[in-house]
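Trainee: build me a structure from this.
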Amino acid sequence: MKLIINFILLVSLFVSFNSPSFSKSGSEKSNTRETQQDSRLVNPLYELRARNIVVSNVQLYETNIYYFDIMINHTNLPESGPFEYAAGQYILSYSWLVRLFGPVTYEIVPFSSDFTNPDAIPVNPQVVGNKLILDRNPDLNPGQGPIISTDGTGTRVVRMKITTGVPSFFNIPLNLKWVSNPSDSATTEVYAFVGDTLTNITSGGTNVVEGDDVAALYLKAAMSGLYDVQTNTLRARDTLSVYMHSVTSPYNVIDSAKSLVDTITFRGIFNFPNITTGVYYAVVKYKNGLETWSRNGGDSLIRGDQVSYDFTDDSTKAFGNNLERKGSIYCIYSGDVNQNGIIDLQDLGLIENAITNFTSGYSANDINGDNFVDLTDAQITDNYVNDFITVIKP
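Mentor: The predicted model follows:
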């Protein structure tokens, strides 16, 4: 009997001694599993970026295609594990001014995605009002989705192409903005596989547009030599250059831009990517135009926005009222062929030489824009020579 009792005590002691260790070990294993599960349940955070926004030159002076990339980057890999992409729909708004010049089409550049599974690529690109829409791709199964890069550059979802139905966007900035409104079904959304579960992770996303943050000047100007009073149009569509100068001495150039000016509206949009919000002189230059400064004191430019300026409606819009009245509008003087700031006999001599050489086509000596250098061009310039027309500036 004593032996039996001792045996029972030994067994009890053994169980008692080892129970804490067993319990501790089991608890550690359970906690490890729970921690791993919690890690998987952390939704991936990401950055969605529209970048590499560029205009493509299709033909001489024609810029009727914009391209940009839609990039996605995983930003919290240590917390959430790999980001397995499941689906996405991408909606951006763009400047309504783009639509004024003609119909807009929207398409995916073929073979532009970093996704090796074509079913992961968003579908049905379309333009609805001032929105660019890419619909959600068909649902994938777990394991079929691409893994999103964490390298900072990100993974390219697609490269997009926007085309206007007219020859040029006239340097109009797209002014892209992501549409992100959770209460609207037509909004940007991204889905991932969290474990094996298809999960909407949109709330963890940051949406960025880069490369379109410019100060835009919607400028109206007419060159006197090109202006036809009878038709109230310009005879030729051509490029103007605009230089933004400081309003304080020595009036340094801060930024510059070029744009086509329309023959009917006399307008072009000049984008200044390197300028900050502030007050500047706008200085207009043309191949045979007299350098013309904007009004005394300068005017404001706003980075990320667009302002308008009209040289045609009032002579005071030019520094020193240095504009010519033709018909109902004010024009920038033509005839400074050698661009030395004065319309004089040197310019007239260059035109006369071009006449002797039967010069045709695009030429600074062609004052009226008919692609021929003849007596008409000489006569226009001669009138200004007699009036001693020179640059007026601060």
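Trainee: what about Pro273, neighbour count?
Mentor: When neighbours are counted by other CB atoms under 10 Å, Pro273 registers 14. The C-beta positions use only the backbone N, C-alpha and C, and glycine is treated the same way.
Trainee: likewise Asp374?
Mentor: 18.
Trainee: now it. Nearest residue, chain neighbours left out?
Mentor: Nearest residue to Asp374, sequence neighbours excluded (CB to CB, 6 or more residues apart in numbering): Ile355, at 6.0 Å.
Trainee: now do Ile264
Mentor: Nearest one to Ile264, counting by CB to CB, 6+ apart, is Thr233 at 5.6 Å.
Trainee: against Ile389, how distant is that neighbour?
Mentor: 23 Å (CB to CB, to the nearest Å).
Trainee: which parts of the stretch 51-200 of the chain are strands?
Mentor: 65-74, 84-93, 104-108, 123-128, 131-135, 155-164, 177-178, 189-194, 197-200 (DSSP state E, counting those that start in this stretch).
Trainee: any chance of these in a markdown table, plus distance to Pro394?
Mentor: Output for the strands of the stretch 51-200 of the chain, formatted as a markdown table (distance: least, CB to CB, whole Å):
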| stretch | distance to Pro394 |
| --- | --- |
| strand 65-74 | 37 |
| strand 84-93 | 40 |
| strand 104-108 | 41 |
| strand 123-128 | 45 |
| strand 131-135 | 43 |
| strand 155-164 | 38 |
| strand 177-178 | 37 |
| strand 189-194 | 52 |
| strand 197-200 | 58 |
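Trainee: quick one, which of these is nearest to Asn117?
Mentor: strand 84-93 (9.3 Å; CB to CB).
Trainee: how about that closest one: buried residues?
Mentor: 84-92 (16 or more other CB atoms under 10 Å).
Trainee: make sure Asp382 is indeed in a helix.
Mentor: Yes. Under DSSP: H, G, I helix; E, B strand; the rest coil, Asp382 sits within a helix.
Trainee: neighbours of the nearest residue to it once chain neighbours are set aside, just the number please.
Mentor: Using CB to CB, 6+ apart and skipping the chain neighbours, the partner closest in space to Asp382 is Leu348 (5.9 Å). Using other CB under 10 Å, Leu348 is surrounded by 19 other residues.
Trainee: equivalent analysis for Val128, please.
Mentor: 10.
Trainee: out of the strands of the stretch 51-200 of the chain, which is closest to Ile302?
Mentor: strand 177-178 (16.1 Å).
Trainee: parallel or antiparallel, which strands does the closest one pair with?
Mentor: strand 84-93 (antiparallel) (DSSP bridges).
Trainee: the nearest residue to Asn368 once chain neighbours are set aside in helix, strand or coil?
Mentor: In space, and not counting its chain neighbours, Asn368 is closest to Gly225: 5.1 Å by CB to CB, 6+ apart. Three-state call for Gly225 (three-state DSSP): coil.
Trainee: from what I can see Gly225 touches Val337, true?
Mentor: No. At 10.7 Å, Gly225 and Val337 do not qualify as touching, with contact defined as CB atoms under 8 Å.
Trainee: follow-up on the earlier one: let me see the contact set for the residue nearest to Asn368.
Mentor: Shown in contact with Gly225 (CB atoms under 8 Å, 6 or more residues apart in numbering): 288, 334-335, 367-369, 377, 380.
Trainee: make it 6 Å
Mentor: Gly225 makes contacts with 334, 367-368, 380, as judged by CB atoms under 6 Å, 6 or more residues apart in numbering.
Trainee: what does Ala50 give?
Mentor: With contacts defined as CB under 6 Å, 6+ apart, Ala50 is in contact with 68, 176, 209.
Trainee: can you redo the strands of the stretch 51-200 of the chain as CSV with mean pLDDT and distance to Val229?
Mentor: Putting the strands of the stretch 51-200 of the chain into CSV (pLDDT from 0 to 100; distance: least, CB to CB, whole Å) gives the following:
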stretch, mean pLDDT, distance to Val229
strand 65-74, 89, 35
strand 84-93, 96, 40
strand 104-108, 94, 34
strand 123-128, 96, 39
strand 131-135, 96, 41
strand 155-164, 91, 30
strand 177-178, 94, 42
strand 189-194, 95, 56
strand 197-200, 94, 62
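Trainee: to Tyr251, which of those strands lies closest?
Mentor: That would be strand 65-74 among these, by CB to CB, at 33.8 Å.
Trainee: looks to me like Glu352 is in a helix.
Mentor: Yes. Counting by three-state DSSP, Glu352 is part of a helix.
Trainee: what about the residue lying closest to Asp135 once chain neighbours are set aside, how many residues close to it?
Mentor: Once flanking residues are discounted, Asp135 sits nearest to Asn124: 4.2 Å by CB to CB, 6+ apart. Using other CB under 10 Å, Asn124 has 12 other residues around it.
Trainee: mind checking how far Val54 is from Trp96?
Mentor: Counting by CB to CB, the gap from Val54 to Trp96 is 21 Å.
Trainee: check what pLDDT the residue nearest to Asn368 gets.
Mentor: For Gly225, the model assigns a pLDDT of 91.
Trainee: sweet, I'm off.
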